[in-house]
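[1] Provided below are the primary sequence and the corresponding predicted coordinates.
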Amino acid sequence: MAKSTPASKTKPKAKAALPKASARDLSRDVARVKKLIAAAKLPGVEEAPSYGMPSLKVAGKFLARVREPGVLVVMCNLEEKEFLMQMNGDIYFETDHYKGWPAVLVRLPKIDDAELTHRLQVAWRRQAPKKLQKSLAGVSAAKPRAKKK
């Protein structure tokens, strides 16, 4: 007769790991976000990996990251995060992992480019150092010179 192992000594079965998204799955999302950042002329933004996924940083500080295909993590104030989720839960949400963290999850297929650009600009202003913010303000405040006759 075979020995049976008491239930208290058996190891729980490991959960099946979720398949990691391939770079190709994420490339469209990353390209969209990078295009909007470039169009908004936000200086100092660089691409760097974060938790094995493509992310964007400004002067080394986290700005946004593609969490999975169709989902972007963007930095924002906690009060604004709550407001966004209440006003437009179709687009903005959080998981338990992000509760109490100043970042909101964005459903990329549901958000238009204008609103996503605004979110990225707000996140950039939150994360960028003052010197870099001044350089952006100087560019947007600069007036074209009049031509000499």
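    Perfect, thanks for sending it. Numbers count the residues shown, from 1 in each chain.
[2] Tell me the helix or strand right after the helix of greatest length in the chain.
    The single longest helix within the chain, with elements called by DSSP state H, is helix 23-39. Next in sequence after helix 23-39, counting helices and strands by DSSP states H and E, comes strand 45-50.
[3] Just give me the longest strand of the chain.
    Taking DSSP state E as the assignment, the strand of the chain that covers the most residues is strand 61-68.
[4] Restrict that strand to CA atoms and write it as PDB.
    Once side chains and other backbone atoms are set aside, the C-alpha atoms of strand 61-68 remain, and they are given as PDB (Å, rounded to 0.1, in the frame of the first residue of the first chain):
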ATOM      1  CA  LYS A  61      12.400  59.500 -13.700                       C
ATOM      2  CA  PHE A  62       9.500  57.200 -14.600                       C
ATOM      3  CA  LEU A  63       6.900  58.800 -16.800                       C
ATOM      4  CA  ALA A  64       4.900  56.000 -18.400                       C
ATOM      5  CA  ARG A  65       5.200  52.300 -19.300                       C
ATOM      6  CA  VAL A  66       3.300  49.800 -21.500                       C
ATOM      7  CA  ARG A  67       2.100  47.300 -18.900                       C
ATOM      8  CA  GLU A  68       0.600  44.900 -21.400                       C
END
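[5] quick revisit: who does the longest helix of the chain touch, helix- and strand-wise?
    The elements that helix 23-39 packs onto, with contact taken as 3 or more C-beta pairs under 8 Å, 6 or more residues apart in numbering; DSSP states H and E, are strand 45-50, strand 53-58, strand 61-68, helix 113-127. For the C-beta atoms, the positions are set from N, CA and C on the backbone; glycine is no exception.
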